[in-house]
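> I'll drop the sequence and a predicted model, then ask my questions.
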Amino acid sequence: MTSELKEASSPAHLSGDEVAAFIEGTHTNPFASLGPHAVGKDVVVRCFLPGATQVSVETLAGKDLGTLALRHDAGFFEGIVSLRKAQPLRYKAENAGGRWTVTDPYSFGPVLGPMDDYYIREGSHLRLFDKLGAHPVRHEGVDGFHFAVWAPNARRVSVVGAFNAWDGRRHVMRLRLDTGIWEIFIPDVHAGVPYKFEIVGPDGQLQPLKADPFARRSELRPETASVTTPEIAQVWEDEAHRAHWASADARRQPISIYEVHAGSWQRGDNGAFLSWDEMASRLIPYCVDMGFTHIEFLPVSEFPYDPSWGYQTTGLYAPTARFGEPEGFARFVNGAHKVGLGVILDWVPAHFPTDAHGLRTFDGTALYEHEDPRQGFHPDWNTAIYNFGRAEVFAYLVNNALYWAEKFHLDGLRVDAVASMLYLDYSRKHGEWVPNEYGGNENLDAVRFLQTMNKEVYGSHPGILTIAEESTSWPGVSAPVHVGGLGFGFKWNMGFMHDTLQYLARDAVHRKHHHNDLTFGLIYAFSENFVLPLSHDEVVHGKGSLVAKMPGDDWQKFANLRAYYGFMWGYPGKKLLFMGQEFAQWAEWSEERGLDWNLLEYPLHQGMRRLIRDLNGTYRNKQALHARDCEGEGFEWLIADDSDNSVFAWLRKAPGQKAVAVISNFTPVYREVYSIPLPTEGRWREIVNTDAEIYGGSGKGNGGVVHAVRTASGEIRADLTLPPLATLMLEQD
């Protein structure tokens, strides 16, 4: 604020109608009238302090400026004071109940500046999370919170909260006409205070109170208010971890992801959620011991409905209050990084729920969503679809990706429901969707958003991973933007998950008729940078658990699953496994309770967990198994056509490294002499056998060694013992 006093837009004595507008809450521009204003040679000061019967004015230094006259019994005051320059003012108010002081928010200038307006209007502002929402600032020598929100079609926007008795008349915001952003600096507001925005729509109707779209902290559900919070003050100790990933080619690194729903991995003794600190003390050591490289959390952005698992978020910038304050999540990430464990967050920029306190018709109009339900409403999930073609919405989402990467040092974002974003006719019948400008079904605005998001995130955080959950054959999902791709680092291989589970669910006697379920995937295995997911989607909604999907008696179910895991860890692509499946939980997953950890008392379940630990260790330690996960030169079929025996064998390779042969027998038949081709003569060590007794298997195998010899025809072959329903891995000695 300059030292020059603002000139009033009204005379020294405000009209009765304008005073009434303040009392009734219909005044839309209080900065033009409240606070100090120059009226000719005089300085008039006005304030609205509901409940006050007497008010005096002073400077922040304590200089008395006089008493104001009561214009309306509701608490409107006005008077001429002796003031030479603009400066913040303080009111001493009193009534029969006592005295209190108020620092006048209308005696402060704006916090946002013209450059903010320019970049916001252009849609290219990449620091919106530092400008919009609620931030603690010291403004013109006074501590308080600056509030800013985008609501271009609103007649009035107010901040309401515990600090003003949720009275929308007290802190009406200033409208920045060029951007449609409303802002106000409110002195003396502290951290930890609930607040919302009270919005009068363009039709004059009061909207439901809205949570802050940029809120960095929220109340615990079922409460829905945003909460003022300081900037995160984490002391980061992860330089080595971040430097490693910034300098590495992630495609050639071992990546084994443990997918976790934070609310149900474990619970406290009383059934309550673990805090982030409690989770860190349990989950981080567990993942390190199990050999996983990354934890991927189902969404932790604030969400109202537990059974949505976080995929219907109302607070994209706030870690959910279910597990404590935002700083707790930062401490979790820091603790994970200190032991070399990455943290990936499921991120949902595709759609949002229609809860009244959320983004739907935010300012009384379709603002964040398309107005046309053929573009703005998702029939599968009864949610609203973001309007990716609107610059402000585009920037809101791009900034959110940057926010998680910067403020919480996240290692990756797994983007949910990408297919629903890419196709205008996704899950819609003819006539229920609007073609793009070229008559096609591609959502060109969503494509541009995803490309921009990936460019900005990778450009500013080179060690990050972005991963698309995309279930169609859209080309170039993980190709660079400059060659026409979407720019993701990786794509979930949904085809692998579908085909392999379909195959494994069949009785072994029928598998020979469906051999191509397991061979077909290699046709496209290197068309993208793939993650192989066995995710939460496969163990909910009546699908049962992975072990329950397997055919046969209990022993065969466990043997099938062990063989499947060995197959997957030897298959090209990064790995992802949902929690509980590492020890073969029988029950279908539910977000309402913790995992069945008591099953680890039983040898078959403990053996399964030991197998996953050993598979992770082998995958990480053998470069042949990971260094060419995304490149065809790292894979070579050895046996692809033995459908009668349901046997598959291939070679995994990397330059300068010993090759690893992977052999899977998906029948319960024990084969004592089974010949396979190998690339070199000599000893091949058996480094994995999923039928080993320590994993709960029958203990059949090759005594740790296989010998490859050159035959009379010049081929190099080895005769193996193939255990029933098992996968072997052999390494050149």
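Perfect, I can see it now.

> Return the alpha-carbon coordinates of the lengthiest helix in the chain using PDB.
Secondary structure assigned by DSSP state H gives helix 603-621 as the longest helix of the chain. Output in PDB follows, covering the C-alpha atoms of helix 603-621 (Å, rounded to 0.1, in the frame of the first residue of the first chain):
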ATOM      1  CA  PRO A 603       3.800 -71.500   6.600                       C
ATOM      2  CA  LEU A 604       2.100 -71.100   3.200                       C
ATOM      3  CA  HIS A 605       1.400 -67.400   3.800                       C
ATOM      4  CA  GLN A 606       4.800 -66.800   5.300                       C
ATOM      5  CA  GLY A 607       6.400 -68.600   2.400                       C
ATOM      6  CA  MET A 608       4.600 -66.400  -0.100                       C
ATOM      7  CA  ARG A 609       5.900 -63.300   1.600                       C
ATOM      8  CA  ARG A 610       9.400 -64.800   1.600                       C
ATOM      9  CA  LEU A 611       9.100 -65.500  -2.100                       C
ATOM     10  CA  ILE A 612       8.200 -61.800  -2.900                       C
ATOM     11  CA  ARG A 613      11.100 -60.600  -0.800                       C
ATOM     12  CA  ASP A 614      13.500 -62.900  -2.700                       C
ATOM     13  CA  LEU A 615      12.000 -62.000  -6.100                       C
ATOM     14  CA  ASN A 616      12.500 -58.300  -5.300                       C
ATOM     15  CA  GLY A 617      16.000 -59.000  -4.300                       C
ATOM     16  CA  THR A 618      16.800 -61.000  -7.400                       C
ATOM     17  CA  TYR A 619      15.100 -58.500  -9.600                       C
ATOM     18  CA  ARG A 620      17.100 -55.600  -8.100                       C
ATOM     19  CA  ASN A 621      20.500 -57.400  -8.000                       C
END
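
> What lies in contact with the helix or strand just after it?
Note on helix 603-621: by DSSP states H and E, the next helix or strand toward the C-terminus is strand 635-642. Contact partners of strand 635-642, identified using Cβ atoms under 8 Å, 6 or more residues apart in numbering, comprise 515, 519, 522, 525-526, 572, 628, 647-653, 661, 663, 676-679. For glycine as for every other residue, the C-beta is placed from the backbone atoms N, C-alpha and C.

> how about 7 Å then?
519, 572, 647-653, 661, 676-677 (Cβ atoms under 7 Å, 6 or more residues apart in numbering).

> Tell me the one of those residues nearest residue 280?
residue 572 (32.9 Å; Cβ to Cβ).

> in what helix or strand does that closest one lie?
Counting by DSSP H and E, residue 572 is found in no helix or strand.

> Tell me the confidence at it?
For residue 572, the pLDDT comes out at 98.

> what do you get for residue 698?
What the model reports as pLDDT for residue 698 is 96.

> how close does it sit to residue 656?
37 Å (Cβ to Cβ, to the nearest Å).

> Tell me which of the two has more neighbours.
Neighbour count, other Cβ atoms under 10 Å: between residue 698 and residue 656, residue 698 has more, with 15 against 8.

> Confirm that the more buried one sits in a strand.
No - under DSSP: H, G, I helix; E, B strand; the rest coil, residue 698 sits outside any strand and is assigned coil.

> so how far is residue 401 from the residue nearest the centre of the chain?
Central residue of the chain (Cα atoms, centre = their mean): residue 347, 2.9 Å from the mean position. For residue 347, the distance to residue 401 (Cβ to Cβ) stands at 7 Å.

> Can you check which residues contact both of those two?
Shared contacts of residue 347 and residue 401, defined by Cβ under 7 Å, 6+ apart, comprise residue 413.

> does the residue of the chain most remote from its centre count as helix, strand or coil?
Of all residues in the chain, residue 712 sits farthest from the chain's C-alpha centroid, using Cα atoms, centre = their mean; the distance is 59.2 Å. For residue 712, the assignment made with three-state DSSP gives coil.

> Looking at it now. What's its pLDDT?
Looking at residue 712, the pLDDT reads 92.

> next one: residue 7
Looking at residue 7, its pLDDT stands at 60.

> what does residue 112 give?
The model reports residue 112 with a pLDDT of 94.

> Now for it: which residues touch it?
Taking Cβ under 7 Å, 6+ apart as the test, what residue 112 contacts is 131, 148, 176, 181, 183.

> how about 6 Å then?
By Cβ atoms under 6 Å, 6 or more residues apart in numbering, the contact set of residue 112 is residue 183.

> which residues touch whichever strand or helix holds residue 146?
Secondary structure assigned from DSSP H and E places residue 146 in strand 142-150. Identification of contacts with strand 142-150 by Cβ under 6 Å, 6+ apart yields 88, 111, 132, 134-137, 159, 180-189, 197, 228, 392.

> Mind telling me what element residue 388 is part of?
For residue 388, there is no host helix or strand (DSSP H and E).

> From what I see, it and residue 449 are in contact.
Yes - if you go by Cβ atoms under 6 Å, residue 388 and residue 449 touch, sitting 4.5 Å apart.

> Would you agree residue 700 is in contact with residue 725?
No - using Cβ under 6 Å, residue 700 makes no contact with residue 725, being 10.4 Å away.

> If you count surrounding residues, which of these two has more?
Neighbour tally, residue 700 and residue 725, criterion other Cβ under 10 Å: the higher count belongs to residue 725, 30 against 17.

> Return the distance of that one relative to residue 554.
In terms of Cβ to Cβ, residue 725 sits 13 Å off from residue 554.

> Also residue 167?
Distance from residue 167 to residue 554, by Cβ to Cβ: 65 Å.

> How about residue 425?
Distance of residue 425 to residue 554, given as Cβ to Cβ: 45 Å.

> again with residue 94
78 Å.

> If we only consider the contacts of strand 635-642, which is nearest to residue 406?
Nearest member of these to residue 406, counting by Cβ to Cβ, is residue 572, at 32.8 Å.

> got a list of what the closest one touches?
By Cβ under 6 Å, 6+ apart, residue 572 lies in contact with 525, 629, 635.

> can we see that at 8 Å?
The neighbourhood of residue 572, defined by Cβ under 8 Å, 6+ apart, consists of 525-526, 530, 628-630, 634-635, 652.

> quick one: which of the residues you listed is nearest to residue 351?
Distance to residue 351, by Cβ to Cβ, is smallest for residue 530 among these, at 25.0 Å.

> what about that closest one, neighbour count?
By other Cβ under 10 Å, the residues close to residue 530 number 27.

> In the stretch 301-450 of the chain, mark out all the helices, start to finish.
Here the stretch 301-450 of the chain has its helices, by DSSP state H, counting those that start in this stretch, at 326-338, 373-376, 391-407, 418-422, 444-460.

> now the ones you listed in TSV, with distance to residue 365, mean neighbour count and mean pLDDT?
Formatted as TSV, the helices of the stretch 301-450 of the chain follow (distance: least, Cβ to Cβ, whole Å; neighbours: other Cβ atoms under 10 Å; pLDDT from 0 to 100):
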stretch	distance to residue 365	mean neighbour count	mean pLDDT
helix 326-338	31	21	98
helix 373-376	12	16	94
helix 391-407	13	21	96
helix 418-422	22	22	97
helix 444-460	19	19	97
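
> Out of these, flag the one nearest residue 278.
Ranking those by proximity to residue 278 (Cβ to Cβ) places helix 326-338 first, at 9.3 Å.

> and the angle from that closest one to helix 391-407?
Counting by axes from the mean of the first three to the mean of the last three Cα atoms, to 10 degrees, helix 326-338 points 60 degrees away from the direction of helix 391-407.

> any idea how far stretch 259-277 is from the chain center?
Offset of stretch 259-277 from its chain centre (Cα atoms, centre = their mean, to the nearest Å): 18 Å.

> For stretch 342-357, buried residues please.
Of all the residues in stretch 342-357, those buried under the rule 16 or more other Cβ atoms under 10 Å are 342-355, 357.

> show me where pLDDT drops low in this protein?
1-12 (pLDDT under 70).

> Can you say which helix or strand has residue 23 in it?
Following DSSP H and E, one finds residue 23 within helix 16-24.

> what separates that helix from the chain centre, distance-wise?
45 Å.
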